[in-house]
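Peer 1: Below are the sequence and a predicted model for it; my questions follow.
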Amino acid sequence: MVLLLRALDSPTRLPFLSISLVRVALGLFFAASGWNKTVTAPGRAAMAETIRSIGAPVPELTAAVVAGCELVFGVLLAVGLVTRAAAAVLGVISTVALTTVAVHQLGPADAVTWYGDLLYLPEVLYLLLAVVLVALGGGPFGLDRVLRARVAAPRVRRARQTG
């Protein structure tokens with residue numbers, strides 16, 4: 001019975017370690033993707049072609065901005081600095097990629113098959129992970145925690161001086 005209870009228990013400390021792992025992995029993915037689309041000629045060309053294919057205005061500029069956002073916000077997410085904002089931006093990028101490009105790769109099918117195929121698209125996973133990070137933050141192993149402590153420290157000192 002004790003083993004069953006332990007198997008069903010959700011420890012309170014480990015989820016934040018998992019969230020930190022998700023944050024770092026997703027951030028590094030977007031940073032690497034953004035780097036490839038920003039720095040390498042084939043990556044820039046492929047990104048510009050993708051943007052052009054969806055009919056976005058000024059495709060080269062749009063591609064550069066989106067790729068730059070992936071790189072910058074991916075790095076911010078990986079180090080856990082302004083995690084919620086970075087995750088929100090990357091979630092928007094994932095949503096746009098999902099609705100303008102990826103979802104059109106799905107073929108006609110009944111609703112259950114279409115839904116199953118939709119969930120195989122990586123953009124769905126990126127979006128869901130970004131939503132979790134927006135909701136829960138980046139866990140205890142990021143720079144947000146350091147920044148929060150620095151911002152809170154003067155308030156605590158003032159409160160002690162006046163109280």
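Peer 2: That came through, no problem.

Peer 1: Where does the prediction get shaky in this structure?
Peer 2: 1-14, 154-161, 163 (pLDDT under 70).

Peer 1: tell me which residues in stretch 52-60 are buried?
Peer 2: 56, 59 (16 or more other CB atoms under 10 Å). C-betas here are computed from N, CA, C, even on glycine.

Peer 1: I should have written stretch 95-115 there, sorry.
Peer 2: 95, 97-98, 102.

Peer 1: which two in those residues are spaced the farthest apart?
Peer 2: Farthest pair in the buried residues of stretch 95-115 (CB to CB) is 95 and 102. Separation: 10.3 Å.

Peer 1: tell me, what's touching those two both at once?
Peer 2: Taking CB atoms under 8 Å, 6 or more residues apart in numbering as the contact rule, residue 95 and residue 102 both touch residue 123.

Peer 1: Can you name the next helix or strand after the helix ranked longest in the chain?
Peer 2: In the chain, with assignment by DSSP state H, the single longest helix is helix 14-39. As assigned by DSSP states H and E, the chain's next helix or strand after helix 14-39 is helix 41-53.

Peer 1: Summarise which helices and strands that next one is packed against.
Peer 2: If you count contacts as 3 or more CB pairs under 8 Å, 6 or more residues apart in numbering; DSSP states H and E, helix 41-53 packs onto helix 14-39, helix 59-79.

Peer 1: one more time with 10 Å
Peer 2: Packing partners of helix 41-53 (3 or more CB pairs under 10 Å, 6 or more residues apart in numbering; DSSP states H and E): helix 14-39, helix 59-79, helix 83-100.

Peer 1: Please tabulate those in TSV, including the columns distance to residue 47.
Peer 2: Below are the helices and strands packed on helix 41-53 laid out as TSV (distance: least, CB to CB, whole Å):
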stretch	distance to residue 47
helix 14-39	4
helix 59-79	4
helix 83-100	11
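
Peer 1: wouldn't residue 26 be in contact with residue 80 here?
Peer 2: No - applying CB atoms under 10 Å, one finds residue 26 not in contact with residue 80, separated by 11.4 Å.

Peer 1: Now the common contact residues for those two.
Peer 2: 86, 133, 138 (CB atoms under 10 Å, 6 or more residues apart in numbering).
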